[in-house]
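Q: sequence and computational prediction follow.
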Amino acid sequence: QVQLVESGGGLVQAGGSLGLSCATSGRTFSNYHIAWFRQAPGKEREFVAGFTWSGGSRYYADSVKGRFTISRDNAKNTVYLHMNSLKPEDTAVYYCAAKPGFWSREVRRYDYWGQGTQVTVSS
């Protein structure tokens, strides 16, 4: 069983920065790909950033490339999403998710989800 717990959301002004954390269960890094998704009100959940279980490849949505950075701390079994130059359109509930097997950006491919954390960017 994989457990994911997000934290770090909040309210920030446009142009500001915010960091999210996702605490994972112990064996997640060695067997699962990890990704961040977000869902804005009235919109579908979308891929934001992720890395393969080996950590060798990292992927970003075009909308956040150059502004967001995904990282991890193996010793703490924690995944981070560092968000810079935030825009009002980044406002959403952010989720981390995990899946075994092949890498994917598709929401429907992910088996395990955290409860989400709200990020609100004011203009």
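A: Yep, that arrived. A quick note: this is a predicted structure, and the numbers were derived from the prediction, not measured.

Q: for stretch 77-97, buried residues please.
A: Applying a neighbour-count criterion of 16 or more other Cβ atoms under 10 Å, one finds 78-81, 83, 86, 90-97 buried in stretch 77-97. For the C-beta atoms, the positions are set from N, CA and C on the backbone; glycine is no exception.

Q: for the protein, name the helix or strand with the lowest mean pLDDT.
A: For the chain, the helix or strand with the lowest mean confidence is helix 28-31, at a mean of 72 (criterion: mean pLDDT, DSSP states H and E).

Q: burial of V119, as a residue count?
A: 22 (other Cβ atoms under 10 Å).

Q: phi first, then psi, for it.
A: For V119, the backbone dihedrals (degrees, to the nearest 10) come out as phi -120, psi 130.

Q: got a list of what the closest residue to it other than its chain neighbours touches?
A: Spatially, and ignoring its direct neighbours in sequence, V119 is nearest to G9 (4.8 Å; Cβ to Cβ, 6 or more residues apart in numbering). G9 sits next to L18, L20, V93, Y94, T117, Q118, V119, T120 when contact means Cβ atoms under 8 Å, 6 or more residues apart in numbering.

Q: and G9, what pLDDT?
A: pLDDT recorded at G9 is 93.
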